[in-house]
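> Need a 3D model of the following:
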Amino acid sequence: MISVAITTFNRSDIVGRAIQSALDFVEPVGGKVVVVDDCSTDETERLISSKFTQKLKSGTLAYFRHHRNLGVTAAKNTAFDRCPSHWVLFLDSDDELIQETAAPAAALLKAHDEEALVFFRCVDETGAIVGQRFDAPQRLTLPIYATHASYGEALVAINKAVVPEPPFDADLQGYEGVGCARLIKRHGPALLATIVARRYYRVRKDRLSSFKGTLKRARYLARGHLRYISICGDAMRPKTRLVLRIKALAYFLAAGLLAPLWSRNG
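Modelled structure (predicted):
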């Protein structure tokens, strides 16, 4: 019923933790872990093949490798295609799933098998909830999602029975929110559960959300903001649209002026 999709690039030092947490998560509920390596140049492939030999042989774990680096959203689309289960959960390779919540998460997904999109909550390294806390599940309509997204970092679960096509925009190399907004617009409100299923680590410097990561993908963020407006614009407050357009312009300027300077300076 559940597959966990993990995408990774040059994280041989940490991806094993994410994989093990995903295996522990699916074991009590039945499922599979699918890893897509976006053409890593480090020891990722060797580490996975040596550390998880038995899981690879049994089929509980599957490993696929891109022959060239395509970016995180393309890798997530590949993983989505390779996942055989009803529900696909997307886990970043530097985070981990919380095994204790596997059973209630699976029960919730089974009870909502008509949904296209479900978000689970995250805690950070200290155990604090990431984002706004709710005592009851929330319905994220397009106007709510356009304003608040998932009220903080979330674990995304997409229903392949409802969404058979790859959900994310590969050309943006990130900005998964565009794909999620499109699903809400097509299939109706998403469910934001109260179950905490993911531990979110903020400390690594190679996160896409870091300053360096943001600068490197500035032009993609600019395009993403404009595409987000094209999907959600009618559901947005005018102020929100204006802020996103200003951010898009700032990112385009950063991509043209600052990113080349940063690249030259390493």
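
> List the buried residues of stretch 17-29.
Neighbour-count burial for stretch 17-29, counted by 16 or more other C-beta atoms under 10 Å, picks out 17-26, 29. Quick note: C-beta positions are derived from backbone N, CA and C, even for glycine.

> all strands for the stretch 101-250 of the chain, in order.
Counting by DSSP state E, counting those that start in this stretch, the stretch 101-250 of the chain has strands at residues 117-123, 138-140, 154-159, 190-199.

> out of those strands, which comes closest to Y251?
Across the strands of the stretch 101-250 of the chain, Y251 has its closest neighbour in strand 154-159 (23.0 Å, C-beta to C-beta).

> what's around K55, how many residues?
18 (other C-beta atoms under 10 Å).

> With the one 3 residues further on instead?
A count of nearby residues for S58, using other C-beta under 10 Å, gives 10.

> Repeat that for E45.
Other residues lying near E45 total 14 when counted by other C-beta under 10 Å.

> just to revisit the earlier point, give me the lowest-pLDDT entry from the buried residues of stretch 17-29.
Across the buried residues of stretch 17-29, the smallest pLDDT goes to V29, namely 90.

> related to what we said a few turns ago, for R219, state which of the buried residues of stretch 17-29 is nearest.
Distance to R219 across the buried residues of stretch 17-29 (C-beta to C-beta) is lowest for A18, with 28.2 Å.

> Contacts only, for that closest one.
A18 makes contacts with 6, 8, 91-96, as judged by C-beta atoms under 8 Å, 6 or more residues apart in numbering.

> try 6 Å
6, 91, 93, 96 (C-beta atoms under 6 Å, 6 or more residues apart in numbering).

> what's the helix or strand for it?
In the assignment (DSSP states H and E), A18 maps to helix 15-26.

> So for the residue lying closest to P104 once chain neighbours are set aside, what's the pLDDT?
Leaving aside its chain neighbours, P104 sits nearest to I195 (5.4 Å; criterion: C-beta to C-beta, 6 or more residues apart in numbering). Per-residue confidence (pLDDT) for I195: 98.

> Could you verify my assumption that I195 touches A106?
No - judged on C-beta atoms under 6 Å, I195 makes no contact with A106 at a distance of 10.1 Å.

> So what's the residue count around the residue nearest to P104?
Neighbours around I195, by other C-beta under 10 Å: 19.
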